[in-house]
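1. model this:
(one chain, ligands or ions: 1)
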Amino acid sequence: MNNASFVLPSSFSILQAQQQGIPGVFTTDFPAFPPVQFDYTGNVSRALWQPVPGTKVYKLKYGSRVQIVLQGTNIFTAENHPIHLHGYDFYIIAEGFGNFNSKTDTSKFNLVDPPLRNTVGVNVNGWAVIRFVADNPGVWLMHCHLDVHITWGLAMAFLVENGVGELQSIEPPPADLPPC
Ligand SMILES: [Cu+2]
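-> Here you go, the predicted model:
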C-alpha cells in the first residue's frame, strides 16, 4: 500500500479502545517510511491516486525524540496543506520545495533557533521537517487543517505510551464515564 487515507473510528475513540483493549478500532501499522517511494512532486501516476482506507496509528514510547518529514505530493493536485498536531508544539527545523533529499537537505536544518509552532504550512509541492519530544501520553491526531481534507483522509494519529509513574501517565477514565 502506498497511498493511505485515514478514517476516523465510528464506534469507540482510539484512546478508549486503547485504554479498554477494544479490538478492531485501529491498527498500529502506520509506516515509519513510505512503503513505496516515487517522484512525490512530479507527474504522479494515476495508479497512486486511489487510496486505501484505514485507521492506522504510530506508536511512540514516552519521551521519544521524533522527527517527521512532511512531504507534499502532486497526487491529484498540489496544495499548501497546513499540518496541525494535537498535544504538542513542535520545532520547524527546515522547509523547502520539491522532494526532500535526506542526503543534502539536512544541511538546511536550523538546530539553533527554529520556530516553535503547532501547525506548519507545507509548501505547495514542497516539504517541511519538524521535531518534538513525545512527553505527552495519549492519542494525538495530526491532520491537515483544511478541514475537509480530514474527511478525505489527510490525517493520522500518534499513540504515545505512558511513561513511568503518575506524572508521565494519563489518568484512567472516571468511573461514571457514560458508555456512549
Ligand atoms: Cu490539506
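
2. need the residues that contact the helix ranked longest in the chain.
-> Counting by DSSP state H, the longest helix found in the chain is helix 14-20. For helix 14-20, contacts defined as C-beta atoms under 8 Å, 6 or more residues apart in numbering pick out 9, 12, 22-23, 25-26, 55, 57, 138-139, 157, 159, 172-173. (Glycine included, C-beta is placed from N, CA and C.)

3. and stretch 76-87, by the same measure?
-> By C-beta under 8 Å, 6+ apart, the list of residues contacting stretch 76-87 reads 41, 49, 70, 72, 118-125, 128, 130, 132, 136, 138, 140-146, 149, 154, 158, 160.

4. among the residues you listed, the buried ones, what's the ChimeraX command?
-> A single ChimeraX command selects the buried members of these (16 or more other C-beta atoms under 10 Å):
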select :41,70,72,120,121,122,123,125,128,130,132,138,140,141,142,143,144,149,154,158,160
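
5. any idea of the pLDDT on residue 1?
-> pLDDT recorded at residue 1 is 46.

6. equivalent analysis for residue 159, please.
-> Model confidence at residue 159 (pLDDT) stands at 98.

7. just give me the neighbour total for it.
-> Neighbour count of residue 159, defined by other C-beta atoms under 10 Å: 20.

8. that one should be in a strand, yeah?
-> Yes. Residue 159: assigned to a strand according to DSSP: H, G, I helix; E, B strand; the rest coil.

9. how about it: which residues does it bridge to?
-> residue 59, residue 139 (DSSP bridges).

10. ditto for residue 5
-> residue 53.

11. surely it meets residue 50?
-> No. Applying C-beta atoms under 8 Å, one finds residue 5 not in contact with residue 50, separated by 9.6 Å.

12. out of those two, which sits in the busier spot?
-> residue 5 (14 against 9).

13. at which residues are the helices of this structure located?
-> So, for the chain - with DSSP H - the helices run 14-20, 148-151.

14. reformat the ones you listed as JSON lines; add distance to the ion and mean pLDDT.
-> Output for these, formatted as JSON lines (distance: least, C-beta to the ion, whole Å; pLDDT from 0 to 100):
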{"stretch": "helix 14-20", "distance to the ion": "21", "mean pLDDT": "93"}
{"stretch": "helix 148-151", "distance to the ion": "3", "mean pLDDT": "93"}
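
15. would you reformat the ones you listed as JSON lines and include distance to residue 178?
-> JSON lines is the format used below for those (distance: least, C-beta to C-beta, whole Å):
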{"stretch": "helix 14-20", "distance to residue 178": "11"}
{"stretch": "helix 148-151", "distance to residue 178": "25"}
